[in-house]
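**Q** Build me a structure from this.
(chains A and B)
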There are 2 protein chains.
Amino acid sequence: MKITIAQLDYHIGNFEGNTAKMVEAIQKAKGAGSDIVCFSELATCGYPPRDFLEFDDFIRLSDECIQTLCSHAHDIAVVVGAPSHNKNPKGKSLFNSVYFLADGEIKFTQHKTLLPTYDVFDEYRYFEPAKSWEIVEYKGRKIALTVCEDIWDVGTDDPLYTIIPLDEMQKFSPDFIINVSASPFNYDHAKIRIHTVRANVQRYGIPMFYINHVGAQTELIFDGGSIVMSPDGGIHDELPYFDECIRHYNLNEVVAGQKYSEQTKNKIALIHDAIVLGIKDYFRKLGFKQAVLGLSGGIDSAVTAVLAARALGNQNVRVLLMPSQYSTGHSVGDAMALANKLDLPYDIIAIKDIYESFMEKLSPVFGDKPFNVAEENIQARVRGILNMAVSNKFGNILLNTTNKSEMAVGYGTLYGDLCGGLSVIGDVYKTEVYELAAYINKDEEIIPVNSIVKPPSAELRPNQKDSDSLPEYDILDPILYQYIEKRQGPQDIIDMGYDAALVRRILRLVNINEFKRYQTAPVLRVSPKAFGMGRRMPIVGKYLN
Amino acid sequence: MKITIAQLDYHIGNFEGNTAKMVEAIQKAKGAGSDIVCFSELATCGYPPRDFLEFDDFIRLSDECIQTLCSHAHDIAVVVGAPSHNKNPKGKSLFNSVYFLADGEIKFTQHKTLLPTYDVFDEYRYFEPAKSWEIVEYKGRKIALTVCEDIWDVGTDDPLYTIIPLDEMQKFSPDFIINVSASPFNYDHAKIRIHTVRANVQRYGIPMFYINHVGAQTELIFDGGSIVMSPDGGIHDELPYFDECIRHYNLNEVVAGQKYSEQTKNKIALIHDAIVLGIKDYFRKLGFKQAVLGLSGGIDSAVTAVLAARALGNQNVRVLLMPSQYSTGHSVGDAMALANKLDLPYDIIAIKDIYESFMEKLSPVFGDKPFNVAEENIQARVRGILNMAVSNKFGNILLNTTNKSEMAVGYGTLYGDLCGGLSVIGDVYKTEVYELAAYINKDEEIIPVNSIVKPPSAELRPNQKDSDSLPEYDILDPILYQYIEKRQGPQDIIDMGYDAALVRRILRLVNINEFKRYQTAPVLRVSPKAFGMGRRMPIVGKYLN
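**A** Numbers count the residues shown, from 1 in each chain, chains lettered A, B, ... in the order given. Purely as a prediction, here's the structure:
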C-alpha cells in the first residue's frame, strides 16, 4: 500500500484556492500510484477559522469542498480534515472531523475527541467532542484516523483530558494510524511533536502518518514537519519545515523501519525561517506585496528589515529614516548602511520641525508642566504618522519592530513605535534579537556591527539609554520568561535568586501595560507563549500591581 | 429561614478588596438575622480572571480568601463562588465551584458542569466540568447549589450541552436552588435571565435565589438584577441594575409567592446606565479620575462626553476641539455649546499648521501622487496625537468616540480617531446613538440639536459626508445587525430584501477591516455581540472578501 502525505499551505476561508490545491495533490498522488492521499486538519476551510465557523454559509462552503474532493476520490482514497454536522440536537452543532473519502463518496468520518482550549486554541468554542470511536477498513488494511490533539495525551503524568481516543480504537486492532494536524510552530514544538508521535507508536506498536499544516495564518505559523514513524519509534521521514511538500511512502518500508532524514532543529534558525514565512504569508494572503518600516539605526528595526527583505524581496521593503534632535549622529548612518547594503528604497525625514509644530500648539495647554513622557511620545507618534502616511499613500503594510522584552514591560509608545499591521519580532526577547542578528551576520556583515554593539536607546531625550529605566536585558529577559512562558508567580521567581524588589517591579510593569498590548498588532508567534490570542489577561486586573 | 443576597462589585485580582467587601456583607447579614448570605460566581478573584487562573500564586490568594470567609462563617452560612482544585490528575486542574461555608469551615462544594465557551466566555480554557452532583443540607433545608450556566440549558430545543445538572440534583429533593452567577449585561439579557430562572423554578417546583455580579470589568458590564423567584414562577424580587445591593429574604414568604417590584427594562435607558457604569468602573479600577476626548461637534463625541461626564463628573472630562481646514463653521460652535452647557474644561487647537508641517516633509516622498486617504488619515492622526499628548501630560485616559457602525465598516483611522483607552459607544450602532442622544435630551437640550440633525461627516476633505461612501445608517445598521449579531450569511440577508450588491459590499468591508478592530480599544459591551473578546475573526481570512 502506498500513502501520500500532502503538506500544504491553506488559506482561511479561501475554499476555491484550498480545493484547487488539494485536487492538484490528488492528481499527483494518483500519478505516483498511491492508494491514499492525506491532507491536514480543517484543510477545507483553513486553520484556525475562528468565528467563521458560526456562519452556516461558511460550513456550507466547506461541505461543497468535501463534495468536490469526493468527485476526485476514485481509484484513490482521500483523508482530509473538515468540520462536520452534529445531528444530535444536544451539544454544539459541529464536530472537528477527519473524513475518509473513497469511491466518490464519504466512506467514514471520525470526530475529534480532545478539543484544545488553551493558549491559542479555542476548539471547544465551536466543536462537540466525539463520544464514539471506530476505524475504517480500506484495501484490506484497518486504519485508525485521528485529529491532532487526539494523540497528545499519551503517557503523561498530568493529562489534560480524561479519555485516550486511540485506546478506544485499539480494540479494532488497526494496522496503522493517520493523524491530521494543524499544530503551530514554536521553537520547541517539533521535538515535542516527535516525542508525542513516538509515544503513540510505541504504545500501540503500529506506524503513524502525521500530516501537519504548513503556512502562516496571521500570527500563527504552521511549520509542517509532517512525520512518518515506524512501529519501533524510528523516524522514517520528517518533511521539511516552512515549505509545502508532497511525498509518497510505501507502507511496507515504513513498517520495516527504514530510516530517512530528520530535519535539523536549531532554535534561532527555526525562529528566523518561521518569521520569514510569517511575513510572506501575511502579505500574500492579504494581497499585499510591499512593506514599509522605520529604520532607527538600532538592532530591532535592522533585524526586522532583513527578515522582511528575505520574505518579500529587498525592493519591496521601503524604509524611513526619521532622526529627531535627540538621535545620535551615527543612527542615520547605521540605518543608511543597512539600507545601502540591502539596496532597500529609503527616505530620510527629520521629525524636529513637525515635533515643534506640535509643541507650539500644545504649549498653551501644557503651561509650565515639565518635559515628560508626553513629549517623548509625541516624537514616537510623529514617526508613527509618517510611517502610516507612506503605508496609506503607496498601499504597503507597516511592519512593527518592537521586541518581546519591550512589549512585556510597556517600553514603547502606543500609536507611535507600536504602530504597524504585523509585529515581526514581538515574540522575540531582546537577548534573542541579538542571537538573530548574529545568525543573520554569520557569513557576512549584513546588519552593521555598530547597530548590534551600541547600547539600546529609544533616543527620545538627550543621552537616553534603555538601561536608565530597565535592568540589563540579560537580567530582564529571564525574569520575563519565568513569568510569561512559565507562569511562575513572584515568590517562585524570587526563590530562583532574583532580587525581590526588581521582580515585583518587573511583574507590575508587565501587568499595568496590558492596555498597550491589547491595541498592538498581531505578533508572529515563535515561542510557547506569545502576546496576543494565546495570552488573555484582564486590563482592569489588580493582581501584582 | 432568612437568606441574604449580596450583589456586589468585585475587582479582578483584588483579593484584599473583594474579601473586605464580603466580610462587611457577612456582618450586615448577621445583623439582619440571616441564616445564609450569598455572593456571586468567582467572587473571591473577580470575573473573568482570564489567564490569571493559570498562576498557582493567584489561586493560592483565592484559597486564602476562602479561609478568611470561613473564619467569619459562624452563626451564618456563606455561599460563594471561587476556583477549587481538581485532585484527580486527569483533566484540567481547576473547577469553577460554589462553596458552602459554615461553622468556620468548607462544608460543601459543588463544581460547575456547563462551562460557557462561546462569545465572551472561555471557561473550558480553565476548568474541568463537574461529573458528580450533590446537595447540601443546612438547618433542616436541602439546598441545590449551582453556578451560572448550570441552569441555562433547561427546556430549549437546541441545548448547547448534553447534561442538565439540576436534573441530577433533583433526586435528592432539594427545597430550593441557589445560583451564583457572573452574567454580563446586554440590552436583552435581563429578560432572558428571568425567563431562564422561571424555566428552572417551574421544572422543579421550588424557589430560586439567583445572585449576579454587578460592576464592569474592562469591556464586560455586569448588571446585577439578581432574582428571587417563587415556585410558581412569580418574581418575588429583582434587585437593581448597575448598583450594589444587599437584601434579606424570608424563605417562607418566597415560597408563599409574595410579589415585590420588578425592574423596568427600557433598552436605551439600560444601555445608557450600563455605559455610565462601564466608564466609572474602568477608571476607578485602574486608579484614574479624569478623561480626555476630542469633541468634534458631531453626535458621537457629544454622546460620549455626556456619558463620561455622568460617570466621572463634569469637571473630570476634559475636551479638545480640533478644527481642520475642512471643518464646517458650526463644528466648533456646536462643540463649544456642549462644553459650556456641561461646564467641561476645554481647549481649542487648530490642526492646520501641524498638518501642513507633515505635508511639507512628506511632499518629496509623495511626489505627484493625488490627495487620498493618506492625507485624510494624517488629519485624524494629528488629532490622535494631540489627544494622547493631553492624556500623557495630565494623566487622564483618552476616551474613544467611535460608534459600532463605523467600527464595523472600518470608517475610522487607526491611530487617529480610533485612539483611546476605552471605546465608549463602540457597541452602539449609529441609529442607536441617535436614540441615546434623544434619551439624554429627553428633559432638556443638553446635546445641541444641531449636532444631532446635521448630516454625519468626518470632515477630512471638503464637503465630505458619511453618505458619500456609505449607505444611509438606517439601511447600513440592519445589514450589519444581521451579519454581526445574527451571524447570517450574504444570501440570508439578501433574501430579507436588501440589495445584493450592497450586502456583498458591506460584508466585505466588515471582513477586510478586521485588522483595524484588532488594534482598537476594548469596547464596552451592551449588545449580544460586541467587537472584541466575544467576536474572534481571522485577519488573513478570505471569506466574503
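**Q** Spit out the contact partners of A:Phe185.
**A** Taking C-beta atoms under 8 Å, 6 or more residues apart in numbering or on different chains as the criterion, A:Phe185 is in contact with A:Leu220, A:Ile221, A:Phe222, A:Asp223, A:Tyr241, A:Leu270, A:Ala274, A:Arg525, A:Val526. Every residue, glycine included, has its C-beta placed from N, CA and C.
**Q** Over to A:Val390?
**A** A:Val292, A:Arg318, A:Leu320, A:Asp347, A:Asn396, A:Leu398, B:Leu362, B:Val365.
**Q** Apply 7 Å and report the result again.
**A** Neighbouring residues of A:Val390 by C-beta atoms under 7 Å, 6 or more residues apart in numbering or on different chains: A:Val292, A:Arg318, A:Leu320, B:Val365.
**Q** how about the third one, secondary structure?
**A** Secondary structure of A:Leu320, reduced to three states by DSSP: H, G, I helix; E, B strand; the rest coil: strand.
**Q** helix or strand right after the lowest-mean-pLDDT helix or strand in chain A?
**A** Ranking every helix and strand in chain A by mean pLDDT, DSSP states H and E puts helix A:466-469 at the bottom, with a mean of 85. Sequence order places helix A:473-484 as the next helix or strand after helix A:466-469, per DSSP states H and E.
**Q** Show me which parts of that next one are buried, residue by residue.
**A** Residues A:Tyr473, A:Leu476, A:Asp477, A:Ile479, A:Leu480, A:Tyr481, A:Gln482, A:Tyr483, A:Ile484 are the ones in helix A:473-484 that count as buried (16 or more other C-beta atoms under 10 Å in any protein chain shown).
**Q** what do you get for stretch A:15-25?
**A** A:Phe15, A:Asn18, A:Thr19, A:Lys21, A:Met22, A:Val23, A:Ala25.
**Q** helix/strand/coil for A:Gly81?
**A** Classified using three-state DSSP, A:Gly81 is strand.
**Q** I'd like to know how many residues surround the nearest residue to it once chain neighbours are set aside.
**A** Leaving out its chain neighbours, the residue that sits closest to A:Gly81 by C-beta to C-beta, 6 or more residues apart in numbering or on different chains is A:Glu41, at 3.9 Å. By the criterion of other C-beta atoms under 10 Å in any protein chain shown, A:Glu41 has 26 neighbours.
**Q** List, out of the buried residues of helix A:473-484, those positioned next to chain B.
**A** By C-beta under 7 Å from any C-beta of the partner chain, no member of those lies near chain B.
**Q** Contacts only, for the residue of the stretch 51-200 of chain A at minimum distance from chain B.
**A** Residue nearest to chain B within the stretch 51-200 of chain A (C-beta to the nearest C-beta): A:Asp57, separated by 2.7 Å. By C-beta under 7 Å, 6+ apart, the contact list for A:Asp57 reads B:Gly489, B:Pro490, B:Gln491.
**Q** on that earlier part again, ok, of the contacts of A:Val390, which one's closest to A:Arg203?
**A** Nearest to A:Arg203 out of the contacts of A:Val390 is A:Val292 (C-beta to C-beta; 51.6 Å).
**Q** would you say that closest one is within a strand?
**A** Yes: using three-state DSSP, the assignment for A:Val292 is a strand.
**Q** Of the contacts of A:Phe185, which count as buried by neighbour count?
**A** A:Leu220, A:Ile221, A:Phe222, A:Asp223, A:Tyr241, A:Leu270, A:Ala274, A:Arg525, A:Val526.
**Q** any idea how far A:Ala32 lies from chain B?
**A** 30 Å (C-beta to the nearest C-beta, to the nearest Å).
**Q** Give me the neighbour count for that residue.
**A** 13.
**Q** how about the buried residues of stretch A:15-25 in CSV, adding pLDDT?
**A** Formatted as CSV, the buried residues of stretch A:15-25 follow (pLDDT from 0 to 100):
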residue, pLDDT
A:Phe15, 98
A:Asn18, 98
A:Thr19, 98
A:Lys21, 98
A:Met22, 98
A:Val23, 98
A:Ala25, 98
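**Q** how long is stretch A:151-170 end to end?
**A** Taking C-alpha to C-alpha, to the nearest Å, stretch A:151-170 runs 13 Å from one end to the other.
**Q** my bad, should have said stretch A:319-326
**A** 20 Å.
**Q** and the stretch 401-545 of chain A, which of its residues are near chain B?
**A** So the stretch 401-545 of chain A meets chain B at A:415, A:419, A:421, A:487, A:489-491, A:515, A:518-522, A:535-543 (C-beta under 7 Å from any C-beta).
**Q** In helices, which of the residues you listed appear?
**A** A:Pro490, A:Gln491, A:Phe515, A:Tyr518 (DSSP state H).
**Q** ok, and for stretch A:347-364, which residues are buried?
**A** A:Asp347, A:Ile348, A:Ile349, A:Ile351, A:Ile354, A:Tyr355, A:Ser357, A:Phe358, A:Lys361, A:Leu362.
**Q** dump the residue contacts of the fourth one.
**A** Pointing back at A:Ile351 there. Per C-beta under 7 Å, 6+ apart, neighbours of A:Ile351: A:Met322, A:Ser324, A:Gln379, A:Val382, A:Arg383.
**Q** which one of these sits closest to chain B?
**A** Using C-beta to the nearest C-beta, these come closest to chain B at A:Val382, 7.3 Å.
**Q** So for the helix or strand containing the closest one, mean pLDDT?
**A** Assigned by DSSP H and E, A:Val382 belongs to helix A:373-394. On average, the pLDDT along helix A:373-394 is 97.
**Q** Could you export that helix as PDB, CA atoms only?
**A** Provided in PDB are the C-alpha atoms of helix A:373-394 (Å, rounded to 0.1, in the frame of the first residue of the first chain):
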ATOM      1  CA  VAL A 373       6.700  61.100  28.700                       C
ATOM      2  CA  ALA A 374       4.200  63.300  26.800                       C
ATOM      3  CA  GLU A 375       6.900  64.900  24.700                       C
ATOM      4  CA  GLU A 376       8.800  61.600  24.300                       C
ATOM      5  CA  ASN A 377       5.600  60.000  22.900                       C
ATOM      6  CA  ILE A 378       4.900  62.900  20.500                       C
ATOM      7  CA  GLN A 379       8.200  62.100  18.800                       C
ATOM      8  CA  ALA A 380       7.400  58.400  18.600                       C
ATOM      9  CA  ARG A 381       3.900  59.200  17.300                       C
ATOM     10  CA  VAL A 382       5.200  61.700  14.700                       C
ATOM     11  CA  ARG A 383       7.200  58.800  13.300                       C
ATOM     12  CA  GLY A 384       4.100  56.600  13.500                       C
ATOM     13  CA  ILE A 385       2.200  59.100  11.400                       C
ATOM     14  CA  LEU A 386       5.000  59.300   8.800                       C
ATOM     15  CA  ASN A 387       5.200  55.600   8.600                       C
ATOM     16  CA  MET A 388       1.500  55.200   8.200                       C
ATOM     17  CA  ALA A 389       1.300  58.100   5.700                       C
ATOM     18  CA  VAL A 390       3.700  56.200   3.400                       C
ATOM     19  CA  SER A 391       1.700  53.000   4.000                       C
ATOM     20  CA  ASN A 392      -1.500  54.700   3.000                       C
ATOM     21  CA  LYS A 393      -0.100  56.600   0.100                       C
ATOM     22  CA  PHE A 394       1.700  53.700  -1.500                       C
END
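**Q** Get me the contact residues on the stretch 251-400 of chain A for chain B.
**A** Checking the stretch 251-400 of chain A against chain B by C-beta under 7 Å from any C-beta, the hits are A:282, A:285-286, A:347, A:349, A:353-354, A:357-358, A:361-362, A:365-366, A:369, A:372-374, A:377-378, A:381, A:384-385, A:388-390, A:392-393.
**Q** quick one: A:Ile164 and A:Trp152, what's the gap?
**A** 10 Å (C-beta to C-beta, to the nearest Å).
**Q** Any stretches of chain A with poor pLDDT?
**A** Filtered on pLDDT under 70, chain A yields no residues whatsoever.
**Q** ok so, going back, between the contacts of A:Ile351, which sits nearest B:Asn450?
**A** When these are compared against B:Asn450 (criterion: C-beta to C-beta), the nearest one is A:Val382, at 34.2 Å.
**Q** Having no further points to raise, I will conclude here.
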